[in-house]
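Q: sequence? don't have it. structure:
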C-alpha cells in the first residue's frame with residue numbers, strides 16, 4: 001500500500017523541479033528590475049504561491065508600472081500585509097494618496113502590522129498631507145500598542161518631517177521622547193532618526209536641543225554634521241558654523257555648499273568665495289566627494305551677482321564649462337545669466353542663453369529682465385515674444401516685460417502687454433503688475449494716467465504704490481499729483497521723509513536733485529521679479 005504514494009512522488013519530481021526552477025528564475029528577474037521578463041515568467045507558472053504574487057507586484061511597482069500593479073493586486077486570490085504594504089508604497093510614489101488610503105482602510109485592523117502602518121504614514125507625508133499622517137499615527141497607536149506593534153525608525157523619521165511641515169515643536173518633543181524609549185540613542189541603525197531630530201529642532205527654533213541631540217550621538221554620519229551645520233546657518237550662528245565645518249573630517253559637497261551659502265547670506269560674500277577657492281584645491285577633493293556640483297556653482301554665481309564681481313564670475317563660468325555644467329544644467333545657466341545681467345554684460349548673457357541646451361520659464365524671464373534692466377528694451381521684447389509663442393511664461397514674465405518697457409520708455413508696447421495679460425495669455429494681473437504699469441506710465445511723464453491707474457486698481461494702494469508715483473512726479477516736477485502722493489504717503493508712514501519730498505515739490509526742485517532722488521529709488525520700491533515659478 002505504501003508503494004503507490006512513493007512512486008507517485010517520484011513520478012512528480014520532474015514537474016516539481018521545473019516549478020521550483022521557474023519560481024527561482026522569476027524571483028531573480030523581479031529582483032533585478034526586469035519587470036517584463038518577470039511578468040512573462042509569472043504568467044507561465046502553473047501554480048503561483050503568495051510569495052510569487054507579492055514578488056511580481058513588487059517588480060511592477062519598482063518599475064513604476066503602478067496601473068498594471070494595481071490590476072494585479074485586484075487579481076490576487078489572496079492578499080496579506082506585505083501585498084498591501086507594497087501597493088501602498090507604489091501608490092505613494094505615483095502621487096495617489098487617496099487611493100492608497102482606501103486600500104489601507106479596507107484591510108482589517110488585526111491584519112495590519114508596523115509595515116502597513118509605516119507605509120501609509122509615509123505616504124501621507126510624502127504627498128504633502130502631514131496632518132493626515134499625524135492623525136493616522138495617533139488613531140492607531142493605542143490599539144496597535146496593545147497588540148505589541150510599535151513604531152519603527154522609518155515611521156518616526158516620516159513623522160518628524162510632518163512636524164516640520166506643520167511647524168509643531170510640541171509634537172516633535174513628544175516624538176523625541178518616544179524615540180528615546182524605543183531606540184537606542186545614537187546607534188548606527190537609527191542614525192537617520194536622530195538626524196531627523198536635529199533637523200526638526202533646528203528648523204522649529206530649538207537650536208540648543210538640536211545641539212544636544214548632536215552631542216549625544218555616538219554614531220554620526222556625514223548627514224549628521226551637515227544637518228547641524230545647516231541649523232547653525234539657519235540661525236545665523238556663523239562662528240559655530242565655521243568651527244563645526246573645520247572640525248568635519250569628511251567634508252562633502254553638501255558641507256561646502258552649506259557653509260558657503262551661510263556666509264553669502266550673511267553679507268560675508270568675499271569670505272564665501274575664499275572658501276570656494278579652497279574647495280577647488282586638490283586637497284579638498286582628494287576623495288572626489290567635494291567636487292563642485294550645480295548647487296555650488298549656483299550659490300557662488302549668486303554671490304558674484306550681489307558683489308558685482310564680473311571677473312571672478314567669468315572664472316567660475318570657465319569652471320562650469322570644463323565640468324559640463326554651463327549648457328545642460330538649467331539652474332547654473334540661469335545663474336550665469338543673472339550674474340552677467342547684474343554686471344551689465346548683456347552680450348555674455350545672450351551668449352549663455354543661446355548655448356543652453358535646456359531652458360525653463362526662469363531662463364526666459366532672466367534674459368528678458370536682464371536685457372530690459374540694462375537698457376535693451378526692444379531686444380528684451382524679441383525674447384518675450386518668443387517665450388509667449390512657446391507658452392513658456394508666467395506672471396513674472398509680464399513683470400519682466402513691464403520693467404523692460406519702463407526702462408526703455410516703451411509705453412504703448414508695455415501697456416498693450418498689460419491689457420492683454422488676462423484675456424489673451426490667461427495670466428491674472430497682480431499688485432506687482434499694476435505697480436509695474438504705474439512706473440511705466442510715470443517714468444514716461446504720463447502722470448495723470450499713472451495716478452488714475454493707481455486709484456482704479458483692484459487693490460488698496462499702499463506705500464509702495466504712492467512712493468512709485470511720487471518719485472515719478474519728482475523726476476517730472478509735477479506738483480499737483482506729487483503733493484497728493486506725498487500726503488498719502490505721510491499718512492501711511494509718518495516717518496518716511498515725505499515732508500522733504502513735499503518741500504522739493506513746492507520749491508520746484510532742481511533737475512539734478514529730483515533725478516538724484518529718482519535714482520535713489522531702491523529695488524525695494526520697484527516691482528520685483530521673483531524667479532520662483
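A: Sure thing, it's come through. Everything numeric in this text was worked out from a predicted model, so none of it was measured. Residues are numbered from 1 along each chain as shown.
Q: where does residue 244 land in three-state SS?
A: Classification of residue 244 by DSSP: H, G, I helix; E, B strand; the rest coil places it in helix.
Q: burial count for the nearest residue to it once chain neighbours are set aside?
A: Leaving aside its sequence neighbours, residue 244 sits nearest to residue 229 (C-beta to C-beta, 6 or more residues apart in numbering; 5.5 Å). The way it works is simple: take the backbone N, C-alpha and C, and place the C-beta from them, glycine included. Residue 229 is flanked by 23 other residues according to other C-beta atoms under 10 Å.
Q: now do the helix or strand where residue 229 lies: which elements does it pack against?
A: Using DSSP states H and E, the element containing residue 229 is helix 222-234. If contacts are counted by 3 or more C-beta pairs under 8 Å, 6 or more residues apart in numbering; DSSP states H and E, helix 222-234 sits against helix 191-203, helix 207-216, helix 238-247, helix 253-265.
Q: mean neighbour count and mean pLDDT added to these, as a markdown table?
A: Converted to a markdown table, the helices and strands packed on helix 222-234 look like this (neighbours: other C-beta atoms under 10 Å; pLDDT from 0 to 100):
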| stretch | mean neighbour count | mean pLDDT |
| --- | --- | --- |
| helix 191-203 | 24 | 95 |
| helix 207-216 | 17 | 95 |
| helix 238-247 | 15 | 95 |
| helix 253-265 | 23 | 93 |
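Q: export these to a markdown table and tack on distance to residue 320?
A: Compiled in a markdown table, these are given as follows (distance: least, C-beta to C-beta, whole Å):
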| stretch | distance to residue 320 |
| --- | --- |
| helix 191-203 | 30 |
| helix 207-216 | 34 |
| helix 238-247 | 24 |
| helix 253-265 | 15 |
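Q: tell me which of those lies nearest to residue 462.
A: Of all these, helix 253-265 sits nearest to residue 462, with 27.4 Å by C-beta to C-beta.
Q: next secondary structure after the closest one?
A: Moving toward the C-terminus from helix 253-265, the first helix or strand encountered (DSSP H and E) is helix 269-279.
Q: for that following helix, the distance to its chain's centre please.
A: 25 Å (C-alpha atoms, centre = their mean, to the nearest Å).
Q: returning to what we had before: list the buried residues in the helix holding residue 229.
A: 222-234 (16 or more other C-beta atoms under 10 Å).
Q: can you check the pLDDT for residue 313?
A: Model confidence at residue 313, expressed as pLDDT, equals 95.
Q: what do you get for residue 251?
A: 88.
Q: quick check, it in contact with residue 245.
A: Yes: counting by C-beta atoms under 8 Å, residue 251 touches residue 245, with 7.3 Å between them.
Q: in stretch 354-365, what counts as buried?
A: Here stretch 354-365 shows 356, 359-365 as buried, counting by 16+ other C-beta under 10 Å.
Q: ugh, typo on my part, it should be stretch 298-317
A: 298-305, 307, 309-310, 312-314, 316-317.
Q: any regions of the chain where pLDDT drops low?
A: Across the chain, the ranges flagged by pLDDT under 70 are 1-47, 184-188, 283-290, 495-533.
Q: what strand or helix carries the spatially closest residue to residue 341 that is not a sequence neighbour?
A: Spatial nearest neighbour of residue 341, excluding adjacent residues (C-beta to C-beta, 6+ apart): residue 370 at 3.1 Å. According to DSSP H and E, residue 370 maps onto helix 361-373.
Q: many thanks, have a good one.
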